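> What shape does this take:
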Amino acid sequence: MDARESIQQISAALNQAVIGQAEVVERLLIALVANGHVLMEGLPGTAKTRSIKTLSHLVDSKFSRVQFTPDLLPSDVTGAQIYREQSGSFEFQPGPIFGNLVLADEINRAPAKVQAALLEAMEERQVTVAAETHKLPDLFLVMATQNPIEQEGTYPLPEAQMDRFLLYVRVDYPAGDNELSILRLVRGEKAGTASAETPKLSQEVIFAARREVNQVQVAEPAERYIVDLVLGTRNPQNYDGDLPKWIRIGASPRGTIALDAAARAHAWLHGQTFVSPDNIRAVAPACLAHRVHLTYEAEAAGITRTDVIETLLKTVVPA
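Have a look, this model is predicted:
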């Protein structure tokens, strides 16, 4: 079984455990093979936590969870120097950030200094404590969640720090038929009649998948389309319609890099050896929505960032 078949097997198992969230599953796997991080926003009970916990059970990995609260300290995430009386010296005690798959639950409930410590580790792939640098694992994926409806006692992520996430995924409630399947699934799990476990995927298979993703070809017209989409967020005045009224600040060069990486991962997951405009369009909302800053007029009208990117995709067409 090659790397793609192994990842597809994991995808099937995830969709059986996280019913009605096929797009969320695909985004999570794109982040896994593209070596990026995911920010999930959704109402309570929409399987955000279940998604990454299930993935951790399917992959030979160490799972860590951090429940963010207002009294959390940076050292609670990164780790700290601990004095050992037996040896009379300090020893570094790694924090939960040193897991392979890390769930940062309700990241907007932690103060800015804790968020910054997490996001710095995500970007640098290392932690520095007491002038000593500690490298994070080669397999390292952070899935942060936040609740969009509770604002009391929260600290919204700064726009510049949201840029560190490869993908932003909005999770909605499942459809009625899926809700019935969820009911039966949970009942079966409690009764111990759930389906047999899928064999765990080795980390080497994931690294092999990443090497194959890096070999997916991106022709110049596709590269131009990626750049045109990002430039469209920065210069909306060049287009007719509502975009100039909605966009205050556009995506940074990180958006271009993210769109390229995610489009290649999407193409690879679908068995393609090159990136097409369809691959780019499929991942554009997840790559660009959290990198676009809206005007007050757009927010007052109830326009979401995803709405803006969907409009952008209709406005900017490939050459």
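> count of neighbours near Arg84?
When neighbours are defined as other C-beta atoms under 10 Å, Arg84 has 10 of them. C-beta: built from backbone N, CA, C; applies to glycine.
> repeat for the one 10 residues further on
Other residues lying near Pro94 total 15 when counted by other C-beta under 10 Å.
> Would you check that it makes contact with Gly79?
Yes - using C-beta atoms under 8 Å, Pro94 is in contact with Gly79, at 4.4 Å.
> what comes up buried for stretch 234-252?
Pro236, Asp242, Leu243, Trp246, Ile247, Gly250, Ala251, Ser252 (16 or more other C-beta atoms under 10 Å).
> Might you report the residue contacts of the closest residue to the third one other than its chain neighbours?
Counting by C-beta to C-beta, 6 or more residues apart in numbering, Leu243 lies nearest to Pro236, which is 3.8 Å off, once chain neighbours are set aside. With contacts defined as C-beta atoms under 8 Å, 6 or more residues apart in numbering, the neighbours of Pro236 are Leu243, Pro244, Trp246, Ile247, Gly250.
> switch to 6 Å and redo it
By C-beta atoms under 6 Å, 6 or more residues apart in numbering, Pro236 lies in contact with Leu243, Pro244, Ile247.
> Just the pLDDT at it, thanks.
In this prediction, Pro236 carries a pLDDT score of 93.
> Give me the distance between it and Gly250.
Using C-beta to C-beta, to the nearest Å, Pro236 is found at 7 Å from Gly250.
> same check, this time on Val308
Separation of Val308 from Gly250 (C-beta to C-beta): 10 Å.
> With Gly188 instead?
Where Gly250 is concerned, Gly188 sits at a distance of 47 Å (C-beta to C-beta).
> residue ranges of the strands in the protein, please?
Assigned by DSSP state E, the chain shows strands spanning 38-42, 63-67, 79-84, 89-94, 101-105, 126-129, 132-135, 141-146, 167-171, 247-249, 293-294.
> Present those as CSV; the columns should include distance to Glu26.
As requested, the strands of the chain are arranged in CSV below (distance: least, C-beta to C-beta, whole Å):
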stretch, distance to Glu26
strand 38-42, 11
strand 63-67, 21
strand 79-84, 33
strand 89-94, 31
strand 101-105, 17
strand 126-129, 29
strand 132-135, 30
strand 141-146, 14
strand 167-171, 10
strand 247-249, 27
strand 293-294, 26
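> What distance do you get for the residue nearest in space to the middle of the chain to Gly271?
In the chain, the centroid-proximal residue (C-alpha atoms, centre = their mean) is Val38; its distance is 1.0 Å. Per C-beta to C-beta, Val38 is found 23 Å from Gly271.
> And for Glu123, the neighbour number?
Counted with other C-beta under 10 Å, Glu123 comes out at 13.
> typo on my end, it should be Ser181
14.
> Excluding sequence neighbours, find me the nearest residue to it.
Ile19 (4.8 Å).
> Please name the residues that touch the one you found.
So Ile19 contacts Asn178, Ser181, Ile182 (C-beta under 6 Å, 6+ apart).
> let's see 10 Å
47, 174-175, 177-186 (C-beta atoms under 10 Å, 6 or more residues apart in numbering).
> would TSV of the contacts of Pro236 with pLDDT and distance to Pro318 be doable?
Formatted as TSV, these follow (pLDDT from 0 to 100; distance: C-beta to C-beta, whole Å):
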residue	pLDDT	distance to Pro318
Leu243	93	18
Pro244	93	22
Ile247	94	20
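> Turn those into a markdown table, including distance to Glu5.
Shown next, in a markdown table, are those (distance: C-beta to C-beta, whole Å):
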| residue | distance to Glu5 |
| --- | --- |
| Leu243 | 41 |
| Pro244 | 46 |
| Ile247 | 41 |
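> Nearest to Val24 among these?
Distance to Val24 across these (C-beta to C-beta) is lowest for Ile247, with 26.0 Å.
> Help me confirm that the closest one comes into contact with Thr295.
Yes - contact criterion C-beta atoms under 10 Å: Ile247 and Thr295 qualify, at 6.9 Å.
> Need the residues touching each of those two.
Shared contacts of Ile247 and Thr295 (C-beta under 10 Å, 6+ apart): Pro236, Val308.
> Relative to Ile247, how far out is the residue nearest to Val227 when sequence neighbours are not counted?
Counting by C-beta to C-beta, 6+ apart, Val227 lies nearest to Thr256, which is 6.3 Å off, once chain neighbours are set aside. According to C-beta to C-beta, Thr256 stands 16 Å off from Ile247.
> Cool, thanks, talk later.
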